[in-house]
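Peer 1: Coordinates for the following, if possible.
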Amino acid sequence: MVPGAVDVTAVAAEGHRYRGAATMGAPHCRITQLMAQDTYILGGYQTDFSRNWLKEGKQLWDIFAEVVNGALEATGIAAEDVQVGHVGNFAGELYAMQGHLGAFLVGTNPAFAGLPTARHEAACASGSVAVLAATAELEAGRYDLALVLGIEQMKTVDSARGGDFLGTAGWYEREAKGITYPFPKLFGRLGDEYDRRFGLKDEHLSRISAINFANARKNPLAQTRAWQNDEAKFATQIAGRIKVSDCSQVTDGAVCVLLASTRYAEKYAKGRGVALDRIPRILGWGHRTATLGFDDKIRESEGDPYVLPHTRQAILDAFARAGIADVWGVDAIETHDCFTTSEYMAIDHFGLTPPGQSWQAIEEGVIELDGTLPINPSGGLIGAGHPVGGTGVRQLLDAYRQVTETAGEYQVVGATKVATLNIGGSGTTSCSFVVGN
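Peer 2: The predicted model follows:
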């Protein structure tokens with residue numbers, strides 16, 4: 001093994017337990033990362049997720065300009081320094097009748113003329129996939145400074161049409177066509193599967209929701225920070241076991257971060273009189289993709305201790321690359337609570353409890369803001385909001401805020417490492433990062 005490489009075969013071997021892993025072959029199960037180049041997070045900018053851009057008379061273009069220039073100002077970086085741009089977006093062609101969003105990025109600043117850009121789509125994990133593309137280029141030495149933007153404008157249509165658009169994140173013909181609110185139904189079935197295998201009480205899902213709404217009230221950019229507790233509305237059933245309170249929000253939002261190579265980060269740190277090791281880095285990452293159909297995923301995981309083993313493996317990959325033995329090596333988690341059932345899943349998939357026993361961490365207060373391992377101090381997708389293409393980038397920026405102690409009222413005391421989990425589709429694309437100093 002080359003010096004500096006991380007051989008995590010032993011950790012990755014857990015993936016061999018689920019069906020198909022044994023036939024994937026060693027190249028898919030062995031993870032060896034050459035640590036020739038680190039990726040540093042220099043900061044960024046987030047729009048207020050409570051805004052309605054249509055009512056403001058704004059379109060995607062207007063928000064591109066705001067979020068890009070906001071990120072440059074927040075970091076003190078000159079536009080001329082940016083060498084490549086990546087945009088995460090799920091459904092601009094549907095919600096806003098606009099594709100080719102990388103070109104919008106170029107138009108936000110005259111210095112970007114000719115800037116190489118790309119747009120990335122992986123349903124709700126679009127933002128994380130954009131981050132992964134940028135980090136790969138930085139690690140390869142192609143560029144030294146990348147701008148990554150995640151964006152979605154969702155408040156352009158009514159809830160029924162919007163639900164149909166979101167259905168394209170699953171297998172549309174089989175799981176969404178002609179079905180009202182297909183994704184609440186799919187993630188309701190995730191809860192049903194937990195109930196079938198281990199038992200599941202709705203009171204635990206309700207507690208997840210309450211924690212995230214409470215955390216969001218401390219977040220000045222959260223969509224629900226000023227919401228009143230309307231118990232009758234929140235108790236309204238949407239699909240199966242899923243109530244209004246179990247759902248993430250329909251959100252207009254954009255987030256931008258600046259990612260740098262070691263070479264650029266050294267210059268950046270020197271220019272600001274700070275030590276390089278005070279600038280957060282992406283310490284580890286994981287990226288796994290399961291089959292598209294929900295039923296196929298559940299059949300594949302039958303007999304496995306984890307309901308979504310590919311998601312579990314993405315988390316393990318991130319831990320292994322970060323040199324972390326288990327979840328207790330991080331101080332907080334920003335996870336994908338598109339529904340309370342997905343956060344319930346994340347609790348045991350991260351390893352806070354044994355499989356099927358996520359309720360223990362909820363009852364013991366482990367995941368609360370002042371708990372042993374807070375989950376979604378920002379409020380998550382339920383409290384902070386869920387602009388689909390922007391969520392993965394927002395999670396990364398919130399991890400940055402935590403480890404730089406700039407999260408304000410939702411700061412986790414003493415946080416030095418934060419893990420994220422961003423999921424596209426019904427547990428289909430799973431991306432996980434570990435961020436730390």
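Peer 1: ok so residue 90 is a helix residue?
Peer 2: No. Secondary structure of residue 90 (DSSP: H, G, I helix; E, B strand; the rest coil): coil, not part of a helix.
Peer 1: Contact partners for it?
Peer 2: Going by CB atoms under 8 Å, 6 or more residues apart in numbering, residue 90 touches 121, 123, 124, 126, 152, 169, 388, 389. In this view, the C-beta of every residue, glycine as well, is placed from N, C-alpha and C.
Peer 1: and if you look at residue 367?
Peer 2: Counting by CB under 8 Å, 6+ apart, residue 367 has contacts 208, 211, 347, 352, 361, 373, 374, 375.
Peer 1: Out of the contacts of residue 90, grab the one that's most surrounded.
Peer 2: Most neighbours among the contacts of residue 90, by other CB atoms under 10 Å: residue 389, with 34 neighbours.
Peer 1: Please tell me how far the closest residue to that one other than its chain neighbours sits from residue 153.
Peer 2: Leaving aside its chain neighbours, residue 389 sits nearest to residue 89 (3.8 Å; criterion: CB to CB, 6 or more residues apart in numbering). Per CB to CB, to the nearest Å, residue 89 is found 9 Å from residue 153.
Peer 1: Compare neighbour counts for the two and give me the winner.
Peer 2: Each of residue 89 and residue 153 has its neighbours counted (other CB under 10 Å); residue 89 has more, 30 against 25.
Peer 1: All the strands of the stretch 1-150 of the chain, residue numbers only.
Peer 2: 5-7, 32-34, 40-46, 84-88, 117-120, 145-152 (DSSP state E, counting those that start in this stretch).
Peer 1: Let's have those strands in TSV, adding mean pLDDT and distance to residue 228.
Peer 2: TSV is the format used below for these (pLDDT from 0 to 100; distance: least, CB to CB, whole Å):
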stretch	mean pLDDT	distance to residue 228
strand 5-7	41	49
strand 32-34	46	47
strand 40-46	98	24
strand 84-88	98	32
strand 117-120	98	37
strand 145-152	98	26
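Peer 1: Including distance to residue 280, could those strands go into CSV?
Peer 2: Listed next are the strands of the stretch 1-150 of the chain as CSV, based on distance: least, CB to CB, whole Å:
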stretch, distance to residue 280
strand 5-7, 19
strand 32-34, 18
strand 40-46, 5
strand 84-88, 19
strand 117-120, 22
strand 145-152, 14
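Peer 1: For residue 286, which of those strands is the nearest?
Peer 2: strand 32-34 (10.9 Å; CB to CB).
Peer 1: residue boundaries of the helices in the stretch 301-437 of the chain?
Peer 2: 309-322, 340-350, 358-363, 380-383, 391-403 (DSSP state H, counting those that start in this stretch).
Peer 1: Give me the angle between the last one and strand 145-152.
Peer 2: Relative orientation of helix 391-403 and strand 145-152, computed by axes from the mean of the first three to the mean of the last three CA atoms, to 10 degrees: 120 degrees.
Peer 1: which secondary structure elements does helix 391-403 contact?
Peer 2: strand 40-46, helix 126-140, strand 145-152, strand 253-260, strand 332-334, strand 417-424, strand 429-436 (3 or more CB pairs under 8 Å, 6 or more residues apart in numbering; DSSP states H and E).
Peer 1: Which one of these lies nearest to residue 316?
Peer 2: strand 429-436 (8.6 Å).
Peer 1: From the contact counts, what lies against the closest one?
Peer 2: Looks like strand 429-436 contacts helix 126-140, strand 281-289, helix 309-322, helix 391-403, strand 417-424 (3+ CB pairs under 8 Å, 6+ apart).
Peer 1: Residue 73 is nearest to which of these?
Peer 2: Taking the helices and strands packed on strand 429-436 one by one with CB to CB, helix 391-403 is closest: 14.7 Å.
Peer 1: Now do the buried residues in the closest one.
Peer 2: Neighbour counts over helix 391-403 (16 or more other CB atoms under 10 Å) mark 391-403 as buried.
Peer 1: I'd like these as TSV, with distance to residue 80 and pLDDT appended.
Peer 2: TSV is the format used below for those (distance: CB to CB, whole Å; pLDDT from 0 to 100):
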residue	distance to residue 80	pLDDT
391	30	98
392	27	98
393	23	98
394	26	98
395	29	99
396	24	98
397	23	98
398	28	98
399	28	98
400	23	98
401	26	98
402	30	98
403	28	98
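Peer 1: so where's the stretch 1-150 of the chain uncertain?
Peer 2: Residue ranges of the stretch 1-150 of the chain with pLDDT under 70: 1-36.
Peer 1: Tell me who's in contact with the nearest residue to residue 297 once chain neighbours are set aside.
Peer 2: The shortest distance from residue 297 to any residue other than its chain neighbours is 5.1 Å, reached at residue 290 (CB to CB, 6+ apart). Residues near residue 290 by CB under 8 Å, 6+ apart: 297, 300, 308, 310, 311, 427, 428, 429, 430.
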